[in-house]
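Peer 1: Okay, predicted coordinates and the sequence, questions at the end:
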Amino acid sequence: MSNIGHVPEELAVGRGDPVYMAHAYLTKVPVPAITPFIEAFTKPGDTIVDPFAGSGMTGVAATILGRSARLFDISILGQHIGSNFVKLVDHDLLAKYAEEIVEASQTRLSRIYDLDCALCGGQAVLAKSVRSIHVRCPGCQQDVNYYAAMEQAAWHKPDMVCPHCATLISSRCERVGETPVLDYVKCACAPTQLEQPPSEQGGPADLEGLAIPNVEITPDRQMYKASALGKSGLTTIASFYSPRNLMVLADLRQRISEVADDQLQSKLLFAFTACLTRASKRYQWSRARPLNAANANYYVAPVFYEWNVYDLFLRKIQAVIKADDWILAEQRAKAHGGTELDVTYEIGSAAKIDLPDNSVDYVFTDPPFGSNLFYADMALFQEAWLDGFTDVDSEAVIDRSRTGTRTADKYEELLTEALAECRRILKPGGRISMVFGNSSGRIWALVQRVIQNAGLQIEPESLVVLNKGQRSVKGLASGFEHVATLDLVLTMVEADGKDHFLREVDQDYIVYAVRKLASIESETTPSHLYLSLLRHAIRKGWRLDQLDLKVVTETLIGEGWKLDSSSGRLRKCALNN
């Protein structure tokens with residue numbers, strides 16, 4: 001079977017294009033990482049399916065290249081995001097509606113971000129406020145302002161002590177409240193934002209008549225446990241917002257729902273949900289620059305921002321316009337400008353795709369990677385403001401608590417059913433490309449079984465390393481990456497019916513293979529080397545059970561390899577005698 005085109009063995013893509021930046025999602029494959037596969041394995045007018053569509057990047061890639069796309073996912077948030085990416089609206093009207101909504105909200109809420117400028121005494125507008133938690137001193141039980149203690153310690157956290165009894169203070173102490181510590185304001189008397197003492201101007205929040213997302217994050221949620229929400233008391237979505245920001249968000253949400261034009265209303269809501277995380281207490285402060293918010297957990301830092309929601313919303317409107325313009329420009333560059341968009345996004349399980357047999361030309365998908373991430377838990381943050389919730393029990397993940405129904409066996413069963421469905425709907429000679437990443441050989445062996453049991457086989461020459469430019473924080477801190485930061489794209493075809501037995505490989509031979517690959521692939525990273533090992537093993541027909549990233553890192557350390565902290569690349573050092 002010959003390829004229509006060719007995909008390089010490694011794709012290095014950035015994550016800074018306007019579509020990628022317009023709306024966050026727990027994981028996204030950048031559009032430039034998908035287009036080479038669509039170009040290689042399809043032609044204009046073909047139909048592409050993604051059964052784990054997530055934020056809909058496959059649909060965007062198909063749109064750019066003049067293909068049709070049928071997207072499926074159980075995620076309510078994913079459908080909201082993916083549908084709106086390809087909902088191109090009149091930009092002048094979008095901006096006009098957004099500005100009118102903001103102006104009306106500001107009027108109703110009595111200019112809630114207005115305050116006095118400490119420099120000139122005139123009227124200023126709050127850009128952002130820095131807020132600090134208060135902790136209980138484990139020594140004297142007194143209330144301690146975390147930010148003030150950090151400032152007193154010259155910003156060196158290990159030296160933070162209680163001002164009352166000198167007991168060491170840390171973020172692990174019991175949280176007992178929060179308070180503003182700094183305001184940044186915009187005033188006509190200065191060309192840039194001014195820093196000044198905090199102000200509580202604006203009055204108490206009046207939430208009467210507004211729909212508030214008092215959606216509970218229940219103890220059975222993985223993120224309840226992972227982010228210790230019971231200890232912090234942040235157990236509803238509403239509790240993650242300051243009273244002021246909660247009121248502004250609720251008012252904006254109501255006004256968006258009153259827009260008569262369905263397309264514009266949907267796009268305005270898209271911009272609204274895109275700014276929810278930054279508008280919350282999850283937006284981390286640092287002395288150097290804002291650290292944004294982690295998409296994979298509900299962590300609230302000891303010092304965080306309260307940002308002006310109107311600014312965030314209007315900025316996102318401009319980001320949405322840029323994303324639309326980028327899609328149109330890419331269409332023109334690919335000579336598909338003016339092609340009618342043909343992308344649908346349905347809520348549905350990948351295990352039961354509502355399409356006829358032999359009806360699609362190509363499948364590109366990026367399923368959840370085992371136990372790494374819990375999409376439905378994190379999507380709750382935005383879905384609390386939408387009109388539905390993802391069915392958690394249908395999620396293709398492995399529950400790390402080992403107490404739920406989302407077991408490894410269930411994950412394997414669902415992924416097998418999904419790939420079998422892909423094979424059923426695929427036209428003869430079609431291909432399925434699946435992005436996957438994990439640092440566990442056990443999970444990779446599960447993927448091998450899934451592919452075989454779904455009646456598929458991997459094309460050995462079509463194994464592509466996907467490098468999205470991400471390095472793990474753990475790796476930089478420890479000297480070696482212990483979390484895989486690269487993905488492998490496996491392209492599959494229908495099985496040929498022959499027996500393909502997998503070889504058991506002992507640990508000594510795996511170590512030998514790592515040494516050999518390291519000698520060939522100098523100036524590489526541990527994750528690159530791990531993916532090279534996996535690719536080599538798949539092509540040689542090895543069982544992948546024993547191929548953990550840990551084997552690679554331990555072998556490299558034993559051989560005297562070090563990691564350059566600035567580049568993340570390996571370098572060989574002489575071992576001490």
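Peer 2: Done, it's in.

Peer 1: Output stretch 188-202 in CSV, but only the C-alpha positions, please.
Peer 2: What follows is stretch 188-202, C-alpha atoms only, in CSV (Å, rounded to 0.1, in the frame of the first residue of the first chain):
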residue,chain,number,x,y,z
ALA,A,188,-4.6,59.2,32.7
CYS,A,189,-1.8,60.6,34.7
ALA,A,190,0.6,57.8,33.7
PRO,A,191,1.5,56.0,30.4
THR,A,192,1.8,52.7,32.2
GLN,A,193,0.0,50.8,35.0
LEU,A,194,0.7,52.2,38.4
GLU,A,195,1.3,50.1,41.5
GLN,A,196,-0.4,51.3,44.7
PRO,A,197,-1.8,50.1,48.0
PRO,A,198,-4.9,47.9,47.8
SER,A,199,-8.4,49.3,47.8
GLU,A,200,-11.6,47.5,48.6
GLN,A,201,-13.7,50.1,46.7
GLY,A,202,-16.6,49.0,44.7
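
Peer 1: Show me what it is in contact with.
Peer 2: Contact partners of stretch 188-202, identified using CB atoms under 8 Å, 6 or more residues apart in numbering, comprise 110, 112-120, 122, 124, 126-127, 129-130, 179-187, 244. No exception for glycine: its C-beta is placed from N, CA and C like everyone else's.

Peer 1: from those, which ones fall inside helices?
Peer 2: Arg244 (DSSP state H).

Peer 1: which residues of the stretch 301-450 of the chain fall in strands?
Peer 2: Per DSSP state E, counting those that start in this stretch, the stretch 301-450 of the chain carries strands over the ranges 303-307, 343-347, 360-365, 426-436.

Peer 1: Please name every helix or strand in contact with the second one.
Peer 2: Spelled out, that is strand 343-347. In terms of contacts (3 or more CB pairs under 8 Å, 6 or more residues apart in numbering; DSSP states H and E), strand 343-347 is packed against helix 57-64, strand 68-73, helix 76-85.

Peer 1: Adjacent strands (with direction) for it?
Peer 2: Neighbouring strands of strand 343-347 in its sheet, by DSSP bridges, are strand 68-73 (parallel).

Peer 1: List of residues touching the strand it pairs with?
Peer 2: With CB under 8 Å, 6+ apart as the criterion, strand 68-73 contacts 45-54, 56, 58-59, 62-63, 79, 82, 342-350, 353-355, 360.

Peer 1: Give the rounded mean pLDDT of it.
Peer 2: What strand 68-73 shows for mean pLDDT is 97.

Peer 1: Same check on stretch 123-133?
Peer 2: pLDDT averaged over stretch 123-133 gives 96.

Peer 1: Check which residues of that stretch are buried.
Peer 2: Ala124, Val125, Leu126, Ala127, Lys128, Ser129, Val130, Arg131, Ser132, Ile133 (16 or more other CB atoms under 10 Å).

Peer 1: helices and strands of this protein: which one bottoms out on pLDDT?
Peer 2: Confidence across the helices and strands of the chain bottoms out at helix 473-478, with a mean of 38, counting by mean pLDDT, DSSP states H and E.

Peer 1: Downstream of it, the next helix or strand is which one?
Peer 2: Downstream of helix 473-478, the next assigned helix or strand under DSSP states H and E is strand 487-494.

Peer 1: between that following strand and strand 426-436, how big is the angle?
Peer 2: For strand 487-494 against strand 426-436, the angle by axes from the mean of the first three to the mean of the last three CA atoms, to 10 degrees is 160 degrees.

Peer 1: you'd agree Leu490 is up against Ile451?
Peer 2: Yes. Counting by CB atoms under 8 Å, Ile451 is a contact partner of Leu490 at 7.4 Å.

Peer 1: so for the longest helix seen in the chain, what's the average pLDDT?
Peer 2: Secondary structure assigned by DSSP H gives helix 309-333 as the longest helix of the chain. For helix 309-333, mean pLDDT is 96.

Peer 1: Check stretch 389-403 too.
Peer 2: 67.

Peer 1: Over to stretch 19-31?
Peer 2: 93.

Peer 1: Next, the buried residues of that stretch.
Peer 2: Those buried within stretch 19-31 under the rule 16+ other CB under 10 Å are Val19, Tyr20, Ala22, His23, Ala24, Tyr25, Leu26, Thr27, Lys28, Val29, Pro30, Val31.

Peer 1: need the contact list for the fifth one.
Peer 2: Just to be clear, that refers to Ala24. Residues near Ala24 by CB under 8 Å, 6+ apart: Ala274, Thr277, Asn295.

Peer 1: Over to it. Which of the three states is it?
Peer 2: coil (DSSP: H, G, I helix; E, B strand; the rest coil).

Peer 1: if we can go back for a sec, if I look at Leu490 and Ile451, which residues touch both of them?
Peer 2: With CB under 8 Å, 6+ apart, Leu490 and Ile451 have common neighbours Ile458.
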